[in-house]
Every structure is written in C-alpha cells, then in structure tokens.
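Q: Here is a sequence with its predicted model. Questions after.
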Amino acid sequence: MTLGGANVWSNFSYGSLIDAPNGWILHPQGSYLILFERCKKSPRKNIKVYSHLFYANEMGEPGRIKNSRLHDLDSAIETWNELIAGGWTEVTNQFQESA
C-alpha cells in the first residue's frame, strides 16, 4: 500500500455491532405509538427494521394501525433518535403481541 492510498480494510465488516431500535415509543401528546422491531428475515449484513405507527387510545395503548415502514438499520436509528429528541418517550409496558 502506498502513502496517501485508501485503507482497504476500513469499510470491511462481518456484521453490525449496533443494536437495532426495538420497542414502543409514545408521541408527546399521547396520540400515536410507534413499534420498532427488527425484521427477522433480514441478514446480519443488511439489517432491516419495521416501524408500525398506531393511533393510541386515551390510556396510551395501541389502537388502529396507521402505517408500517421498512427501514435499513441506519435509517431506523436516525428516525428513533430524532423522535426521542423531539419529545417521544419509550414505553416500557408490553402490549398484546397481536397489536
């Protein structure tokens, strides 16, 4: 390798060491909930994450689904961080698996 050349090993990876966003977050006014979950069929080298947006009822539980999206890992992390910075809060209680 010559000086000033690119390091050929810098972009090589066996998989992601970053955890995918996972769990529920609640809108600041309590009107929406988003569930982030890793796509179980995505390979380790190309992790995909689903986000499911739900309307929340008056008790802060998921009601009707509004939409679902499939993100690559970087996009999912960016979306999660932007929402948390915007006042969304992580919800620790578990909802029904069917939601």
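A: Ah, there it is.

Q: helix, strand or coil for I77?
A: helix (DSSP: H, G, I helix; E, B strand; the rest coil).

Q: any idea how far it lies from P62?
A: As judged by C-beta to C-beta, to the nearest Å, I77 and P62 stand 22 Å apart. The way it works is simple: take the backbone N, C-alpha and C, and place the C-beta from them, glycine included.

Q: Those two: which is more packed in?
A: P62 (22 against 17; other C-beta atoms under 10 Å).

Q: Nearest residue to the more buried one in space, ignoring adjacent ones along the chain?
A: Residue nearest to P62 in three dimensions, not counting chain neighbours: F54, with 3.8 Å by C-beta to C-beta, 6 or more residues apart in numbering.

Q: Mind listing the strands the helix or strand harbouring that neighbour pairs with, and their directions?
A: Assessed by DSSP states H and E, F54 sits inside strand 48-56. When pairing is defined by DSSP bridges, strand 48-56 lines up against strand 32-38 (antiparallel), strand 62-72 (antiparallel).

Q: now what about it, what contacts it?
A: Identification of contacts with strand 48-56 by C-beta atoms under 8 Å, 6 or more residues apart in numbering yields 20-21, 26-27, 30-39, 42, 62-73, 75-76, 79, 99.

Q: again, 7 Å this time
A: Under the criterion C-beta atoms under 7 Å, 6 or more residues apart in numbering, residues 20-21, 26, 30-39, 42, 62-73, 76, 79 lie in contact with strand 48-56.

Q: Apply the buried test to those and list what passes.
A: Among the contacts of strand 48-56, those classed as buried by 16 or more other C-beta atoms under 10 Å are 20-21, 26, 32-36, 38, 42, 62, 71, 73, 76, 79.
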